[in-house]
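Novice: Okay, sequence plus prediction incoming.
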Amino acid sequence: MVKLAEWRGKALFRKYGMPVPSGQVVRSADEAERLVAAGSVPLPCVVKAQVLAGGRGKGGAVRFAGSAAEARDATAAILGLDFKGEKVREVLLEGKVAIGRELYVSIALDRSLRAPVLIASGQGGVEIETVADGAIDRQPIDPFPGITGYERRRAARVLQLTGTLAGELDALLRGAWSLFQAEDAELVEINPLAVVDGHLLALDSKVIIEDDAAFRHPEYAEIQDDRTPLEEIAREKDIAFVQLDGNIGVIANGAGLTMATLDVLLELGGRPGVFLDLGGTDDPRKVTEAFLLMAQARPTAVFLNIFGGVTRCDTVATGLVAAMQQVPESNRFPLVARIRGNNEREGIEILRAAGVTSIPDLRASAEAVVAAAGGTP
Amino acid sequence: MVKLAEWRGKALFRKYGMPVPSGQVVRSADEAERLVAAGSVPLPCVVKAQVLAGGRGKGGAVRFAGSAAEARDATAAILGLDFKGEKVREVLLEGKVAIGRELYVSIALDRSLRAPVLIASGQGGVEIETVADGAIDRQPIDPFPGITGYERRRAARVLQLTGTLAGELDALLRGAWSLFQAEDAELVEINPLAVVDGHLLALDSKVIIEDDAAFRHPEYAEIQDDRTPLEEIAREKDIAFVQLDGNIGVIANGAGLTMATLDVLLELGGRPGVFLDLGGTDDPRKVTEAFLLMAQARPTAVFLNIFGGVTRCDTVATGLVAAMQQVPESNRFPLVARIRGNNEREGIEILRAAGVTSIPDLRASAEAVVAAAGGTP
Amino acid sequence: MSVLVTETTRVVVQGITGHQGTVHTAQMKAFGTQVVAGVTPGKAGTEVEGVPVFDAVRDAVEKTGANATCIFVPAPFAKDALLEAVDAGIRLCVIVTEHIPFHDMLVMYRYARARGAVIVGPNCPGIASPGRAKVGIIPNVVFRPGRVGVISRSGTLTYEIVNGIKEHGLGQSTCIGLGGDPVVGTSFVDALPLFESDPDTDVMVMVGEIGGTAEEDAADYIRHHFTKPVVAYIAGRSAPPGKRMGHAGAIIARGRGTAATKVAALESAGARVARFPYEVPNMVAEIVASRARR
Amino acid sequence: MSVLVTETTRVVVQGITGHQGTVHTAQMKAFGTQVVAGVTPGKAGTEVEGVPVFDAVRDAVEKTGANATCIFVPAPFAKDALLEAVDAGIRLCVIVTEHIPFHDMLVMYRYARARGAVIVGPNCPGIASPGRAKVGIIPNVVFRPGRVGVISRSGTLTYEIVNGIKEHGLGQSTCIGLGGDPVVGTSFVDALPLFESDPDTDVMVMVGEIGGTAEEDAADYIRHHFTKPVVAYIAGRSAPPGKRMGHAGAIIARGRGTAATKVAALESAGARVARFPYEVPNMVAEIVASRARR
């Protein structure tokens, strides 16, 4: 899931013929002042932190400027802010506009319908989750033949747009649909879609690109996400790795088993600190890499919970033993293992030879690791 | 139906990433000499008349040149030729290539299947109609999801292309499919598709664009077709008008009734010379225009055979009477009318007032017009 | 019984506020058809010929129970109109509009078919069953209730032949104008089974024309599956080859698609093929008479 | 009887020459499955684990009568593989491949469904019915013939739970791993009716996880249509919100999609919901025992 910053989303909007305010993204206060002074940004202007979290307006991450100097000061005040855990590295400067009505439009995936849906509401400018169900119109879009004219006309009626504005909405929705498909988006959201001087203008953008389509979109590989440095390394090695608040490291295979393992640990009074999903690997080197990554996260104890299917128990055991030899003495931690499934016997034997005992029962093994981490099971 | 000249088709091939020889289209011998001398066309080169009819090679419309002077002479010899009724106005100069295998590939519409079909044959370079059925592979293509990889792989197996050549075919077929859809083509034909120095090259092109999609493709409106000047005027006025060899003019409405009328006239010994299909018009001015166009074709006699549905009989009669008054005395011709259907009585009355009698029986009225045209029914 | 339309057919007219839409709404009503709604975006709340107009087909279906549509909207918007109708639950769609790009029609056909909807047309005069309903534009005057089924690729030629049947004192069960476009929603082989199982049809008239292989396909069907007598007429015997038919057609057809191949196929399948349109009613009358004698 | 696979299931393995394809061909055969063909373009004429390899699925179907496919081809080519299988007449398609873009899956799902084909997956362990056939990658060792049906969105967690059922001395009728992707070909509500009408299934186990609303949808179905006892487990109660689930999901879900809403929906529909995976076999055993007493 690649969440695009507002300015990147708006660049896509522009590419697909959707109207956005003219603006510039800057990475320093100097740059902000220079661009405004050069007339590249209309005055007065809005200065917006390019972070992914919502609520920027209330959070002091949006300011206004009437001159180049003010733009400089506003940019300086915002850059480097820690906004809900994200550091502000980029700022978007845009001409301030006279906002009329604020509307909401998005295209998102509905998993149950197994179809994209076009969502429209006359109540834009607020979080859509807070809008009453009755004020939100949803239309499933069939990928074949794609968004239709009558669906776009219905959206215009819902949004009470007529004449030129209905025509502009029609073009905007065609653009949004093309973007959604061609860029492999999970979400294309325009909130608010504002009426400004009798024309539609997308004042904000929220675009999420699907990870699995990365092979079609190398251009998104460079965009940094809200990952920690270790998560970033894991991503490059294609290991699902998430850091939480606790002290127990969990290595499991498969999202469901991993989640179930965390559930069990929490229930038994443990505090999971890192979880690492080996997925369906069958390569001992990947297991070794994963284990070394886990070691870098400095857990108090580690729980290895594997049910071998694609992954074979002996492969995991071999990779694990290789990794254990590479972890420096000072960084070692207690390890509780539970390996079941394909080649279970061979795997258990390899672990035993390296001094690790596999506990076959899930509850018993979970209790052992919680105890090892200093919890009270 | 807009049939594109070879060079226009190849320009589309290039646009869709399909490999074509480098070449230049010229409209004068001077231009041919200049371009070859300037190195814009590799030597030796092929000089090909840009006409729509087939059989150019045998018909002297393709020549070869080893120098700029020879290119000049070859172009001069071809330009202005009357080739199967088409005057040669453009000539394509292309570098001559060492042709290995000659293959056939096309995408066309199969009306019965209601689907496009991908047609492939290892026997290219000849008219596909002459190739045995067993040597031609057909695969229907579903517009959703469009041409698939496995269909392209099957074409490669049929054409016995492997390795790099299979990869090139894959790309070529993706291009051809995009062209077929995006340009609203009826036919995209590459014959021969040649293997030249281990690579695929489209040595000829046959692309037909659908008329009905003209609203999406204003760029094709300018391309001249194989129409007579009167047919061209008719096209601009949106009247189906075709000139044949005989002397009886036929005005009818609807393709089926028009064809049936011609069938009856021929059977009765008449020789239809022009047919004009009013279609579903409901505008007396269009009837007037059509009738004046018919007068310009100088028929010996005219048969008006209308069955009013969308078209009302009184509308046709009104338009006809208006036109009759505009045709100069010297150009007048005998007119036999038969009008049936909606508002039949009113139409017959309008005609009677202008001195024209409607004969309700098709056979009787057809016999009357054949007699009026000097035939022997 | 009848084919595709019945007394319970409730028609919405898409493009009702256009000239043709308005004229033929009146004609359909005069035929006795229940025209219950019209659709023209932006015109909701108005009336045409006493029929309420809606912005969207879904609204028309919800408010009036429409279950069939007659589409008159211009070609560039016809695809959208059809998709709208199908998505609103309409399962019989007659498309009168001409000049719809066949690429659009390929999409429309697949979309409708996947949802169990039938398209008749485009570029067609529609369906009429005298005494029951008409969805389309065939002139009311040519009809008379009876037991002759008619399917035709032509428009005006259909009127001519249907009228001839009436003038011979016979009548029609249902008449379907399939439309003459390269891609049609309902072809001869789609329509024939409906008439085969229609107890109100005794004799079948089939009007074809040159181009495509729909008549040859129909002949195959008739030979193996159709038990009622068939009278056919093929227009275009005298048409110069190549003037209309493109190269593409020729490749696909591989020596079929001419008047001669169509006539031969139908005759070998047991159909009587008329040389002239005015022979059709005679042949039908002969068949009716010979059946009456049995 | 069983669900989706039977003794007559004849499997073609697409991507058979890859590592996973080869390994699991052997495993499927060891399970007793009729693996009749493999497909890898360019490898026709070779053999893998005694199974003949073809260039195209159509060839495999014609030569071996294959009627189900197990797809292992890499994600960028999976859409094409599915379309090929469906066009060749295959009506059961298990897709093991993970990381298929959901936009591709939207196309695949519609294409298969319009042609009456069932997709299980993608990113799923497949289907197994002990004593009959396995199409997919669930370890053979966890199975034992029995009367417990299992459907699961998870992979390895399924193995865990199915294995637990075996270790409690019970067995499975059919087990379907649906896959955990945002768009799956077969969801709980698609699979439940198959088990409802399967005479070999007495008790149902359902393994869900957070994200989406498939479990809530299943609860609606169970409440109104499912008559057999259901034991459910939902993974992810402790998962931090928002780490995986995007904004998009939240808009659609509107307050559903959490472990709490899923558990509540299933309990109110009459299902017993386990707090831990190891509780599931206990609950199933209790139900079986109480049914035996009746």
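Specialist: Good, I have the coordinates.
Novice: which residues touch whichever residue of the stretch 51-200 of chain C sits closest to chain D?
Specialist: Nearest residue of the stretch 51-200 of chain C to chain D (CB to the nearest CB) works out as C:Ala114 at 4.6 Å. Heads up, the C-betas are built off the backbone N, CA and C, glycines and all. Contacts for C:Ala114 (CB atoms under 8 Å, 6 or more residues apart in numbering or on different chains) come out as D:Ala114.
Novice: Just the pLDDT for it.
Specialist: Predicted confidence (pLDDT) for C:Ala114: 92.
Novice: where does it fall, phi/psi-wise?
Specialist: phi -60, psi -20 (degrees, to the nearest 10).
Novice: And it, how far from D:Val189?
Specialist: Counting by CB to CB, to the nearest Å, the gap from C:Ala114 to D:Val189 is 21 Å.
Novice: any low-confidence regions in chain C?
Specialist: C:1, C:239-256 (pLDDT under 70).
Novice: Within range of chain D, give me the residues from it.
Specialist: Residues of chain C lying near chain D by CB under 8 Å from any CB of the partner chain: C:Ala114.
Novice: For chain C, which segments are assigned as helices?
Specialist: Secondary structure of chain C (DSSP state H): helices at C:19-31, C:57-64, C:75-87, C:102-114, C:156-167, C:188-196, C:214-225, C:247-253, C:259-268, C:279-293.
Novice: Could you report the neighbour count for residue 258?
Specialist: Answering for chain A, as no chain was given. By other CB atoms under 10 Å in any protein chain shown, 29 other residues sit near A:Thr258.
Novice: that's the other chain; I wanted chain C
Specialist: 18.
Novice: Looking at the stretch 251-377 of chain A, which residue is nearest chain B?
Specialist: A:Gly280 (24.5 Å).
Novice: same question but for chain A, I mixed them up
Specialist: Counting by CB to the nearest CB, chain A gets nearest chain B through A:Phe144, at 3.9 Å.
Novice: I'd assumed that residue was in a helix, is it?
Specialist: No. Under the criterion used here (DSSP: H, G, I helix; E, B strand; the rest coil), A:Phe144 is coil, not part of a helix.
Novice: Please name the nearest non-neighbouring residue to it.
Specialist: With CB to CB, 6 or more residues apart in numbering or on different chains as the criterion, A:Phe144 has its nearest non-adjacent residue at 3.9 Å, and that residue is B:Phe144.
Novice: Quick check: that neighbour touching C:Val107?
Specialist: Yes. With contact defined as CB atoms under 8 Å, B:Phe144 counts as touching C:Val107 (7.5 Å).
Novice: Would you mind listing what in the stretch 101-250 of chain A touches chain D?
Specialist: So far as CB under 8 Å from any CB goes, the stretch 101-250 of chain A lies against chain D at A:106, A:108-112, A:114-117, A:119, A:128-129, A:133, A:142-144, A:181, A:184, A:186-187, A:189, A:206, A:208, A:210-213, A:215-216, A:242, A:244.
Novice: buried subset of those?
Specialist: Buried subset of these (neighbour count, 16 or more other CB atoms under 10 Å in any protein chain shown): A:106, A:108-112, A:114-117, A:119, A:128, A:142-144, A:181, A:184, A:186-187, A:189, A:206, A:208, A:210-213, A:216, A:242, A:244.
Novice: Which ones among those residues map onto helices?
Specialist: Under the assignment DSSP H, those contribute A:Gln181 to helices.
Novice: Quick check: mean pLDDT of stretch A:72-79?
Specialist: On average, stretch A:72-79 scores 96.
Novice: okay if I get the helices of chain C as JSON lines plus distance to A:Gly66?
Specialist: JSON lines is the format used below for the helices of chain C (distance: least, CB to CB, whole Å):
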{"stretch": "helix C:19-31", "distance to A:Gly66": "56"}
{"stretch": "helix C:57-64", "distance to A:Gly66": "49"}
{"stretch": "helix C:75-87", "distance to A:Gly66": "47"}
{"stretch": "helix C:102-114", "distance to A:Gly66": "53"}
{"stretch": "helix C:156-167", "distance to A:Gly66": "72"}
{"stretch": "helix C:188-196", "distance to A:Gly66": "70"}
{"stretch": "helix C:214-225", "distance to A:Gly66": "72"}
{"stretch": "helix C:247-253", "distance to A:Gly66": "65"}
{"stretch": "helix C:259-268", "distance to A:Gly66": "80"}
{"stretch": "helix C:279-293", "distance to A:Gly66": "84"}
